[in-house]
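Participant: predicted coordinates and the sequence they were generated for:
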Amino acid sequence: MRVLLVEDEEKLASSLANNLRAEGFAVDVAFDGESGKIHSLTYTYDIVILDVMLPGMDGSQVLKVIRTQNRDMPVLMLTAKDSVQDKVKFFEAGADDYLTKPFSFAELLVRVKALLRRRLNSQVDMIQIHDFELDRMAHTC
């Protein structure tokens, strides 16, 4: 599974990327909104983890670009903003989930897996070529 992580706090981004990689994910990291936008339009991702407050182009603008390009990939928003109005605004803009900082990696991971499970339920979970089988959800072959 391929993840785009857009987070400007380098220490947090590094920690999240390392933990996601340890769980079997391929992770690309962008440290600002413009880079996140370019990555999301250039490469194919299974999920985007997107910080809201980014330098240059903020997360809500990146989300808008992703959604206007007919992208159906799940987007999990990360932010320190925890008001109901903020949550409603991002869900209405196309976010699939919303996690407020600080958070535990365990919670982020279960949310990522839940979003991927929903998306993959409409796709093939098992890819088989001759006697080779790849289970995309269990990360086994």
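Facilitator: Here it is on my side, so go on. Numbers count the residues shown, from 1 in each chain.
Participant: in the chain, what secondary structure element scores lowest on mean pLDDT?
Facilitator: strand 126-129 (a mean of 74; mean pLDDT, DSSP states H and E).
Participant: for that one, output the C-alpha coordinates as CSV.
Facilitator: C-alpha atoms of strand 126-129 as CSV (Å, rounded to 0.1, in the frame of the first residue of the first chain):
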residue,chain,number,x,y,z
MET,A,126,-6.2,-10.9,-3.6
ILE,A,127,-4.1,-10.8,-6.7
GLN,A,128,-3.3,-14.2,-8.2
ILE,A,129,-0.8,-15.0,-11.0
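Participant: what's the spacing between the longest helix out of those in the chain and its chain's center?
Facilitator: Criterion DSSP state H: the longest helix present in the chain is helix 105-120. Chain-centre distance of helix 105-120: 9 Å, with CA atoms, centre = their mean, to the nearest Å.
Participant: what does it contact?
Facilitator: Helix 105-120 is contacted from outside by 1, 3, 15-16, 19-20, 23, 46-47, 49, 72-74, 76, 96-97, 99, 136-137, using CB atoms under 8 Å, 6 or more residues apart in numbering. C-beta: built from backbone N, CA, C; applies to glycine.
Participant: repeat that for 6 Å
Facilitator: Here helix 105-120 makes contact (CB atoms under 6 Å, 6 or more residues apart in numbering) with 19, 47, 74, 96-97.
Participant: mind listing what's buried in it?
Facilitator: Buried residues in helix 105-120, defined by neighbour count with 16 or more other CB atoms under 10 Å: 108, 111-112, 115-116, 119.
Participant: possible to save these as a markdown table with pLDDT and distance to S40?
Facilitator: Formatted as a markdown table, the buried residues of helix 105-120 follow (pLDDT from 0 to 100; distance: CB to CB, whole Å):
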| residue | pLDDT | distance to S40 |
| --- | --- | --- |
| L108 | 96 | 19 |
| R111 | 96 | 19 |
| V112 | 96 | 16 |
| L115 | 93 | 15 |
| L116 | 91 | 16 |
| R119 | 67 | 15 |
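Participant: many thanks, have a good one.
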